[in-house]
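K.L.:
Okay, sequence plus prediction incoming.
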Amino acid sequence: MKLKEDVRVLIAEDDFLVGEMIRGEVESLGHTVVGEAPDGQQAVAMTQSLRPDVVLMDIRMPDMDGIEAARRIHRAHPTPVVVLTAYDAPELVAQACEAGVGAYLVKMPGAAEIGRAIAVAIARFDDLMEMRRLNGQLQEEIAERVRIEAVRAQMEQQLRRQERLAAVGQLAAGIAHDFRNLLTTIILHAQMALLRRDLPSGLAQDLKTIMGESLKVSDLVQQILDFSSRAMIKPRPLDLQFFVEDVVDVLRRTLPENVHLTLGVGKEACTVEADPDRMRQVMTNLALNARDAMPEGGELRIEVKRAAIQRPKSRIQDRGSETEADGACRDRAWVCLSVSDTGTGMTEEVLAHLFEPFFTTKDVGEGRGLGLAQVYGIVRQHEGYVDVETEIGGGTTVYIYLPACELEDGEGDEEIGGQRATILLVEQEEGLRQAGRRMLESLGHRVLTASSGHEALALCQSPRWSQGRCRVGLVITDVVMPDMEGKELVQHVRRRNPGLKALGIVGCEVEQATRESSESGFLDVIQKPFSMDVLARAVRRALDADDCEG
């Protein structure tokens with residue numbers, strides 16, 4: 001503040017006579033004495049109530065000395081302070097400055113000395129307040145920079161995590177196609193061998209073991225593809241309430257008796273666009289993870305209800321910018337599937353890595369760390385979000401948010417007929433090609449094989465196989481081939497045979513590739529590895545379907 005002619009002064013002095021003398025000197029300067037405090041405690045209180053422009057305070061007072069009183073005034077009610085001391089001691093001066101005192105006087109000061117000290121104290125106080133303001137701004141800037149750096153570090157960490165996930169996903173996608181070719185060959189040959197009536201019983205058991213282990217390997221590949229969002233899904237309108245009830249019935253038979261499973265469903269329809277097989281995998285993985293978190297047993301609750309959310313709360317979602325997520329959530333209705341347990345809960349460190357592939361808190365040999373990573377990938381592929389609430393010793397709840405949709409009447413499987421036809425099987429892997437040929441022939445079909453698109457095109461255009469009783473009626477082709485993709489082959493063949501039917505086979509295709517295959521005229525797309533039953537049913541449905549229009 002600027003010094004004015006009438007300064008309001010509070011005098012803090014325990015000696016009444018000295019206080020009256022100081023009052024006289026202050027009033028002779030034209031200033032106003034607003035009060036007199038006999039000790040430090042009252043000086044602090046009167047400063048708050050009277051709001052003086054300056055405080056003249058004795059450095060030695062009972063109950064609380066002037067330095068401590070000045071310190072408290074400076075913290076709680078910033079006001080210029082001038083201390084009066086009987087001794088000009090350097091150590092007292094240093095303590096007074098540290099307490100925020102603006103000036104000091106040696107008793108007994110005259111009016112002119114008091115006036116100068118008041119002016120100096122007020123001027124220094126203004127400087128001090130400006131420094132405090134600037135320091136506050138600086139602290140705010142530092143805090144903002146720290147926050148920005150923390151956000152940047154978190155984003156970089158998420159980016160590195162996504163790069164690791166992408167690398168694993170890319171590796172999985174690169175090998176899955178060839179890997180599933182081999183698995184399909186093994187499974188089909190084993191199934192064909194099991195059909196032999198003269199098969200020794202011991203060998204039959206060995207073949208069943210081969211098939212079982214091959215399917216386990218296929219499941220492992222599926223888990224990797226799920227978390228990398230490169231698996232093929234077949235979504236359809238699904239009433240999640242009825243679906244979850246069916247899954248819960250199965251879980252009740254598989255969970256230990258000391259785990260009490262309950263189900264809660266809302267009153268509103270909870271229909272989502274989802275792949276039933278993948279959602280069943282999500283629920284199974286979450287239930288098993290909850291079981292492992294309750295080694296001594298506990299409560300497991302699964303709930304399904306409509307959710308009205310602004311945006312998911314999860315700190316572990318890498319869903320792009322907050323603005324994009326907010327907009328997406330505001331524009332859509334949601335269905336929430338939650339799985340809660342009363343288990344051990346998780347630390348912040350475990351929560352931060354919860355959905356990373358190969359991360360597990362289990363001992364070696366007890367888990368691969370892919371279950372929850374698979375859940376995350378499946379939910380993300382369904383355009384959903386994952387959120388987690390957990391507390392050490394207080395259990396964990398995993399929330400799955402999926403976009404709601406209107407329920408539509410589902411179409412059941414068509415009746416399977418018994419047509420026989422000439423089938424062209426196009427597959428570049430010789431082992432799989434021969435296994436598929438044998439299986440189709442065992443079903444009574446005439447089978448042609450080709451190892452490439454160009455070879456298949458030549459066969460279809462040959463007069464022997466394009467006319468009369470030998471006319472090709474169904475093409476089963478690998479969707480991804482090096483020389484000519486499956487959809488391109490089908491388009492070429494249909495120019496000569498518009499009614500030709502086609503099935504696609506994929507080893508590792510994302511949803512977009514599957515959709516493109518459907519748009520190219522494939523009646524169905526089969527994912528490797530597949531069993532004889534799966535291929536046989538797909539073939540029969542294709543042959544019984546209405547003729548293609550080309």
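P.N.:
Perfect, thanks for sending it. Numbers count the residues shown, from 1 in each chain.

K.L.:
So which elements touch the helix or strand residue 123 falls within?
P.N.:
Per DSSP states H and E, residue 123 falls inside helix 111-194. Packing partners of helix 111-194 (3 or more C-beta pairs under 8 Å, 6 or more residues apart in numbering; DSSP states H and E): helix 16-28, strand 54-58, strand 81-85, strand 103-106, helix 201-227, helix 430-442, helix 532-544. For glycine as for every other residue, the C-beta is placed from the backbone atoms N, C-alpha and C.

K.L.:
again, 6 Å this time
P.N.:
With contacts taken as 3 or more C-beta pairs under 6 Å, 6 or more residues apart in numbering; DSSP states H and E, helix 111-194 sits against helix 16-28, strand 103-106, helix 201-227, helix 430-442.

K.L.:
Show me what the mean pLDDT comes to for that helix.
P.N.:
Mean pLDDT, helix 111-194: 78.

K.L.:
likewise stretch 507-525?
P.N.:
Per-residue scores along stretch 507-525 average to 63.

K.L.:
What of stretch 28-46?
P.N.:
Mean predicted confidence for stretch 28-46 is 88.

K.L.:
Can you list the buried residues in that stretch?
P.N.:
Applying a neighbour-count criterion of 16 or more other C-beta atoms under 10 Å, one finds 31, 33-44, 46 buried in stretch 28-46.

K.L.:
Run through who's touching it.
P.N.:
Outside stretch 28-46, the residues within contact range by C-beta atoms under 6 Å, 6 or more residues apart in numbering are 5-12, 14, 19, 23, 26, 50, 52, 57, 61-64, 69, 72-73, 111, 115.

K.L.:
From those residues, keep the buried residues only.
P.N.:
7, 9-12, 14, 19, 23, 26, 52, 57, 61, 64, 69, 72-73, 115.

K.L.:
In strands, which of those residues fall?
P.N.:
9-12, 57 (DSSP state E).

K.L.:
Distance check, residue 146 against residue 153.
P.N.:
10 Å (C-beta to C-beta, to the nearest Å).

K.L.:
ok, now residue 267?
P.N.:
For residue 267, the distance to residue 153 - C-beta to C-beta - is 45 Å.

K.L.:
before we move on, back to that, kindly calculate the angle that the helix holding residue 123 makes with helix 532-544.
P.N.:
Comparing the axes of helix 111-194 and helix 532-544 via axes from the mean of the first three to the mean of the last three C-alpha atoms, to 10 degrees yields an angle of 80 degrees.

K.L.:
Let me know the angle separating helix 111-194 from strand 81-85.
P.N.:
Going by the same axes, to 10 degrees, helix 111-194 makes 120 degrees with strand 81-85.

K.L.:
how distant is helix 111-194 from the center of its chain?
P.N.:
Counting by C-alpha atoms, centre = their mean, to the nearest Å, helix 111-194 is centred 15 Å from the centre of its parent chain.

K.L.:
Could I get the buried residue list for the helix or strand hosting residue 241?
P.N.:
Residue 241 belongs to helix 240-254 when assigned by DSSP H and E. Neighbour counts over helix 240-254 (16+ other C-beta under 10 Å) mark 240-241, 243-244, 247-248, 251 as buried.

K.L.:
can you put those in a markdown table and add distance to residue 262 and pLDDT?
P.N.:
What follows is the buried residues of helix 240-254, written out as a markdown table (distance: C-beta to C-beta, whole Å; pLDDT from 0 to 100):
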| residue | distance to residue 262 | pLDDT |
| --- | --- | --- |
| 240 | 17 | 85 |
| 241 | 15 | 83 |
| 243 | 17 | 81 |
| 244 | 12 | 86 |
| 247 | 14 | 83 |
| 248 | 9 | 85 |
| 251 | 11 | 84 |
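
K.L.:
which among these gets closest to residue 379?
P.N.:
Minimum separation from residue 379 among those (C-beta to C-beta) is found for residue 240, which lies at 12.8 Å.
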